[in-house]
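J.: let me see the structure of the following:
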Amino acid sequence: MSLLFTPLTRTASESMNRARGASPDNVDLETSNNGGHDVDDNEDSITQKMKQLRMQARGSSPSLSVTDLMSNTKSKVDMFFAQRTTSQVMYKSEDLRQDQLVVQMITLIDRLWKSVNLDLRLTPYRVLATGPDDGLVEFIEHTSTLTDVLKDYNQDIRSYFRKHSPDPKAEFGIDAEVMETFIRSSAGYCVITYILGIGDRHLENLMLKPTGHLLHIDFGFIFGKDPKPMPAPMRLTKEMVQCMGGKDSVGFAAFQRYCCQGYNILRYKAPLILSLLNLLKDSGIKDFCVTQNANQVIEQVKEKLRLDLSVEDEASAEEHLKAKLEDSVSAIMPVLMDMVHGAAVATR
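T.: Modelled structure (predicted):
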């Protein structure tokens with residue numbers, strides 16, 4: 001069951017005392033979402049920052065990074081409403097601890113990337129598990145599912161952007177900033193969903209905004225769990241690639257470059273990510289330590305980060321990731337599962 005409350009102001013947290021501390025199983029990494037794109041993400045700056053990360057990765061102390069990134073000790077409810085004057089939230093009578101973990105990891109990864117001037121324009125909406133069977137989810141306005149976009153615009157994402165963000169003088173007749181946002185956000189979520197093994201990526205769980213932001217929602221299956229057979233490593237559809245300009249385009253080359261940069265940065269910061277996962281071994285989060293062995297899940301994350309390679313061997317890591325991107329674009333089973341899912345929804 002879900003209920004939508006709108007608007008809900010920050011002062012509402014005063015009447016939600018039971019939410020305070022009710023979910024001790026989660027590590028709090030929530031931060032305010034910067035809606036702007038003021039990060040200086042030119043190539044020279046990113047390259048220089050990545051060199052510094054390589055140096056740190058050889059002998060880094062993850063506790064220092066944890067201290068830096070978790071210095072804010074506000075209560076969970078205060079965090080949920082931080083930097084919001086008015087919020088729309090949904091109350092859901094289901095276990096949201098898993099969703100909260102993933103959104104917090106997305107928030108952390110977003111900060112890690114921005115710390116080296118790489119802004120992949122993520123949309124880490126807020127989730128608060130107020131107990132084992134209920135919680136709050138921030139309602140994301142002005143979004144459409146990728147299913148609806150493809151259905152309403154003849155399987156053409158560009159047509160959706162042309163309607164909402166036209167620029168007759170720009171390539172494809174679409175505002176250049178919107179296209180850049182789409183490419184960057186697609187890259188960011190591809191890397192994150194691959195590393196965290198997020199499953200059930202049917203197109204109703206992929207959302208699109210007129211601003212170009214692509215985002216993922218509903219994290220009921222993570223760390224390799226998936227209700228559908230033969231899932232792709234990540235969800236990258238041919239329509240998304242076509243929107244970028246096709247596999248041989250400048251746009252797709254930029255997409256691959258952003259993916260590889262984001263991937264290597266997370267490889268450098270692997271001690272932090274693995275330390276946080278180790279803290280959650282007894283959290284009761286379903287797909288992490290209940291239906292699976294937490295130690296085995298952590299080993300799977302290590303494998304996906306290719307920690308068997310040295311931090312200097314960026315080329316091999318990038319080839320590994322590019323192979324996963326190719327596997328995802330050419331995967332047939334997710335397309336068939338989308339058809340089955342669409343038919344099931346239509347008969348409800």
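J.: count of residues packed around P168?
T.: 7 (other Cβ atoms under 10 Å). To be clear about C-beta, it is placed using only N, CA and C from the backbone, and glycine gets the same treatment.
J.: show me what contacts R235?
T.: For R235, the contact set (Cβ atoms under 8 Å, 6 or more residues apart in numbering) comprises 190, 193, 201, 203, 206, 216, 328, 334.
J.: inside strands: which ones of these?
T.: Residues of the contacts of R235 located in strands (DSSP state E): 206, 216.
J.: most neighbours of all the contacts of R235, which one?
T.: Among the contacts of R235, C190 has the most neighbours (other Cβ under 10 Å), with 28 neighbours.
J.: mind checking pLDDT for that residue?
T.: With respect to pLDDT, C190 scores 98.
J.: one more: the one 4 residues further on?
T.: At Y194, the predicted lDDT confidence score is 98.
J.: how about it, what does it touch?
T.: By Cβ under 8 Å, 6+ apart, the contact list for Y194 reads 233-234, 304, 321, 324.
J.: need these in TSV (columns: secondary structure).
T.: Below are these laid out as TSV (DSSP: H, G, I helix; E, B strand; the rest coil):
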residue	secondary structure
P233	coil
M234	coil
K304	helix
L321	helix
K324	helix
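J.: can I get those in a markdown table including distance to I183?
T.: Shown next, in a markdown table, are the contacts of Y194 (distance: Cβ to Cβ, whole Å):
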| residue | distance to I183 |
| --- | --- |
| P233 | 19 |
| M234 | 15 |
| K304 | 22 |
| L321 | 16 |
| K324 | 18 |
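J.: tell me which two of the residues you listed sit farthest apart.
T.: Of all pairs drawn from these, the greatest distance, 10.5 Å, lies between M234 and K304 (Cβ to Cβ).
J.: wait, M234 touches L325, no?
T.: Yes - contact status for M234 versus L325: in contact at 7.4 Å, counting by Cβ atoms under 8 Å.
J.: mutual contacts of the two, please.
T.: Common neighbours of M234 and L325 (Cβ under 8 Å, 6+ apart) are C190.
J.: what are the ranges of the strands in the stretch 1-150 of the chain?
T.: Listed in chain order, the strands of the stretch 1-150 of the chain (DSSP state E, counting those that start in this stretch) span 2-9, 86-92, 127-131, 134-138, 144-145.
J.: mean pLDDT for those strands: which is lowest?
T.: When I compare these, strand 2-9 is least confident, with a mean of 50.
J.: what segments of this structure are helices?
T.: Taking DSSP state H as the test, the helices found in the chain are 43-57, 62-69, 76-81, 97-115, 146-152, 157-164, 176-195, 238-244, 250-268, 270-279, 294-304, 314-330, 333-346.
J.: quick one, what contacts I273?
T.: 105, 108, 266, 301, 305.
J.: and it, what pLDDT?
T.: pLDDT, read off for I273, is 96.
J.: tell me how far it lies from I183.
T.: 24 Å (Cβ to Cβ, to the nearest Å).
J.: and for N295, the neighbour number?
T.: Neighbour number of N295 under other Cβ under 10 Å is 12.
J.: please disregard the earlier target; I meant K225.
T.: For K225, using other Cβ under 10 Å, the count is 19.
J.: next, count neighbours for the residue nearest to it when sequence neighbours are not counted.
T.: Spatially, and ignoring its direct neighbours in sequence, K225 is nearest to D287 (4.6 Å; Cβ to Cβ, 6 or more residues apart in numbering). Applying other Cβ under 10 Å, we find 23 residues neighbouring D287.
J.: you'd agree D287 is up against Q98?
T.: Yes - in this structure, D287 is within contact of Q98 by Cβ under 8 Å, at 6.3 Å.
J.: what's the overlap in contacts for the two?
T.: Contacts common to D287 and Q98, judged by Cβ under 8 Å, 6+ apart, are I222.
J.: pull the distance from stretch 111-129 to the chain's centre.
T.: Distance of stretch 111-129 from its chain centroid, counting by Cα atoms, centre = their mean, to the nearest Å, is 8 Å.
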